[in-house]
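Participant: Here's my sequence, what's the structure:
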Amino acid sequence: MMPHTNNPTPESPTPQHRRRLRLAAAAGLGALAITALVASPAAAVLPAGLVSLDGSNFEIDSDANLKVDNTGWDDWGNVAETSKADAPSGTGDNSFGNGSKEDTPVPSVVSGSIPPNKSDLKTFGVYLEETSGDDFLHMFWHRVQDPTGTTNMDFEFNQSEDISSNGVTPVRTAGDLLIQYDLANGGTHPELFLSRWVTTGNKSLCEAANSTPCWGDRVNLTTSGDATGSINTSPIPKADSDVINSDISPRTFGEATVNFSHIVGDSCVAFGSAYLKSRSSDSFTAALKDFIAPLDTGINNCGALVISKTMKHAASGTGDHPQEGVTFTVSSTLLDADVDVVTDANGEACLAGLESGDYTVTETVPDGYVSADSEQTATVVEDTDCDSDPTVTFSNTPLTDITVSVDSQVPGGTFSSIDCDNTADSPDVDFNADASDSGDSSFGMTDLEPGTYICTVVVDP
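Facilitator: All right, here's what the predicted structure looks like:
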């Protein structure tokens with residue numbers, strides 16, 4: 001189950017909220033970091049040379065760079081962004097090919113088809129800034145050289161951790177984000193657009209495709225005031241290039257900020273990976289060119305409810321054993337409706353993409369078993385998934401029936417009494433104590449948990 005997100009349009013932004021995105025550690029690349037929760041100077045008058053968004057404390061310079069130019073502000077040079085470099089130019093550099101376009105669900109990956117002078121990408125990075133008001137998503141790209149014509153860079157953010165059949169890009173799911181960075185020839189301030197991945201519905205939902213799945217209608221984030229960006233018109237020396245770690249020629253570095261809160265709303269969000277790609281022209285239907293493989297963003301303030309289910313089963317050996325096929329009902333005020341999940345062969349069931357908080361988990365106890373606690377409260381925490389440790393654990397014990405009978409060989413020849421009791425260390429069960437039957441009869445006890453039970457039979461001639 002993918003995370004449920006509320007997606008208000010940028011034209012109708014949600015009120016400022018206090019949702020905080022907890023960020024997962026990204027192995028090898030470092031996690032996205034967060035700023036201190038302080039009032040942002042950007043809420044007042046911007047320092048000269050900045051085109052940052054109101055409420056953000058991050059410098060988007062009109063002449064883009066990576067160093068801090070104003071005391072108390074942030075820039076790429078002093079934050080822990082997540083970044084990734086492309087494969088070196090040449091035959092080993094992979095790219096999209098075979099006519100793949102933005103709407104191609106699984107773009108084709110080829111090698112060596114991007115010459116260094118045609119939209120050849122080098123590095124990209126993302127950073128999520130959290131303030132006492134909104135959250136801001138910052139992005140940068142770096143390419144080999146300034147090509148002629150327009151510039152088109154698209155940042156794709158995916159929710160799924162599953163890799164598609166091309167072996168590189170994630171499987172797209174409804175609500176994935178495509179942030180498009182379009183720069184007219186000779187321009188220095190880009191327009192940024194947003195589309196969401198649409199899986200079902202009429203083709204009228206698509207920006208360009210004739211059928212779903214597709215990228216939905218583009219929303220202009222720049223004109224709505226929810227995005228800003230720029231490129232470098234001056235060279236950037238290696239000493240000021242941060243993770244790029246090289247001299248940067250004019251018009252080969254671009255940066256942008258998007259008001260992330262206005263895009264995703266107040267519900268939990270989990271966009272675990274992102275990648276950068278370029279198009280051959282400013283047309284949305286133009287062929288895709290180079291790309292930089294996905295990186296782990298660590299953007300995740302959703303949680304998962306992991307249920308572990310075991311049983312006792314003597315024939316399978318001592319101890320606990322996973323129990324498959326057991327149904328659990330999950331309910332909470334945080335859910336629109338109750339949700340049923342069923343344990344797998346490992347005895348586990350998972351409900352992911354949940355808001356943090358308390359959920360009630362109720363087991364439908366299988367026939368022949370007893371549960372010590374068939375209803376439990378599970379507390380879901382942020383930044384967990386179905387690979388996390390169990391949130392709640394249930395264990396069932398099998399039940400046994402005992403029947404004691406007497407049968408006189410001579411009909412009516414003897415009278416017998418039967419009296420059964422549980423021992424002190426056995427489960428306390430109501431046996432109808434001292435009950436007895438006379439003659440050829442029997443006495444039965446049902447639904448007994450494992451333990452020691454003593455039955456006394458007196459045969460009276």
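Participant: can you map out the helices along the chain?
Facilitator: For the chain, helices defined by DSSP state H occupy the ranges 260-264.
Participant: Spatially central residue (nearest the centroid) of it, please.
Facilitator: Taking Cα atoms, centre = their mean as the criterion, A270 is the residue nearest the geometric centre of the chain, at 4.0 Å.
Participant: That residue contacts L354, doesn't it?
Facilitator: No: using Cβ atoms under 8 Å, A270 is not in contact with L354, being 10.2 Å away. C-beta coordinates here come from the backbone N, C-alpha and C atoms, glycine included.
Participant: Strand partners (parallel or antiparallel) of the helix or strand bottoming out on mean pLDDT in the chain?
Facilitator: Least confident helix or strand of the chain, by mean pLDDT, DSSP states H and E, is strand 415-422 with a mean of 79. Paired strands of strand 415-422, with direction, are strand 453-460 (antiparallel) (DSSP bridges).
Participant: Run through who's touching the strand it pairs with.
Facilitator: Under the criterion Cβ atoms under 8 Å, 6 or more residues apart in numbering, residues 402, 404, 406, 414-423, 426, 443, 445 lie in contact with strand 453-460.
Participant: at 7 Å instead, please
Facilitator: Contact with strand 453-460 is made by 402, 404, 406, 414-423, 426, as judged by Cβ atoms under 7 Å, 6 or more residues apart in numbering.
Participant: Can you give me the first-to-last residue distance of stretch 301-320?
Facilitator: Counting by Cα to Cα, to the nearest Å, you get 33 Å between the two ends of stretch 301-320.
Participant: can you pull the buried residues of it?
Facilitator: Going by neighbour count (16 or more other Cβ atoms under 10 Å), the buried part of stretch 301-320 is 301-313, 320.
Participant: V45 and G72: what is the separation?
Facilitator: Distance, V45 to G72, by Cβ to Cβ, to the nearest Å: 13 Å.
Participant: so how many other residues sit close to G265?
Facilitator: 17 (other Cβ atoms under 10 Å).
Participant: mind checking how far it is from L177?
Facilitator: Noted for G265: a distance of 13 Å to L177, by Cβ to Cβ.
Participant: Show me the shaky parts of the stretch 201-350 of the chain.
Facilitator: Under the criterion of pLDDT under 70, none of the stretch 201-350 of the chain is flagged as low confidence.
Participant: In it, mark out all the strands, start to finish.
Facilitator: If DSSP state E, counting those that start in this stretch is used as the criterion, the strands of the stretch 201-350 of the chain fall at 214-215, 219-220, 227-231, 253-259, 270-279, 288-300, 303-312, 320-322, 327-331, 339-342, 348-354.
Participant: of those, which approaches P107 most closely?
Facilitator: P107 lies closest, by Cβ to Cβ, to one member of the strands of the stretch 201-350 of the chain: strand 288-300, at 6.0 Å.
Participant: buried residues in that closest one?
Facilitator: Applying 16+ other Cβ under 10 Å to strand 288-300 flags L288, K289, D290, F291, I292, P294, L295, D296, T297, G298, I299, N300 as buried.
Participant: any idea of the angle it forms with strand 348-354?
Facilitator: With axes from the mean of the first three to the mean of the last three Cα atoms, to 10 degrees applied, the angle from strand 288-300 to strand 348-354 works out at 100 degrees.
Participant: now strand 288-300: how far from the chain's centre is it?
Facilitator: 15 Å (Cα atoms, centre = their mean, to the nearest Å).
Participant: how near is Y275 to G225?
Facilitator: Distance, Y275 to G225, using Cβ to Cβ: 27 Å.
Participant: Same list (the buried residues of strand 288-300) but as JSON lines, adding distance to C386.
Facilitator: Listed next are these as JSON lines, based on distance: Cβ to Cβ, whole Å:
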{"residue": "L288", "distance to C386": "31"}
{"residue": "K289", "distance to C386": "35"}
{"residue": "D290", "distance to C386": "33"}
{"residue": "F291", "distance to C386": "28"}
{"residue": "I292", "distance to C386": "28"}
{"residue": "P294", "distance to C386": "20"}
{"residue": "L295", "distance to C386": "21"}
{"residue": "D296", "distance to C386": "17"}
{"residue": "T297", "distance to C386": "18"}
{"residue": "G298", "distance to C386": "17"}
{"residue": "I299", "distance to C386": "18"}
{"residue": "N300", "distance to C386": "13"}
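Participant: Those residues: which two are farthest apart?
Facilitator: Taking Cβ to Cβ, no two of the buried residues of strand 288-300 sit farther apart than K289 and N300, at 30.0 Å.
Participant: average pLDDT for stretch 133-151?
Facilitator: Here stretch 133-151 scores 86 as its mean pLDDT.
Participant: Can you give me the buried ones in that stretch?
Facilitator: Within stretch 133-151, the residues that count as buried by 16+ other Cβ under 10 Å are 133-144, 147, 150-151.
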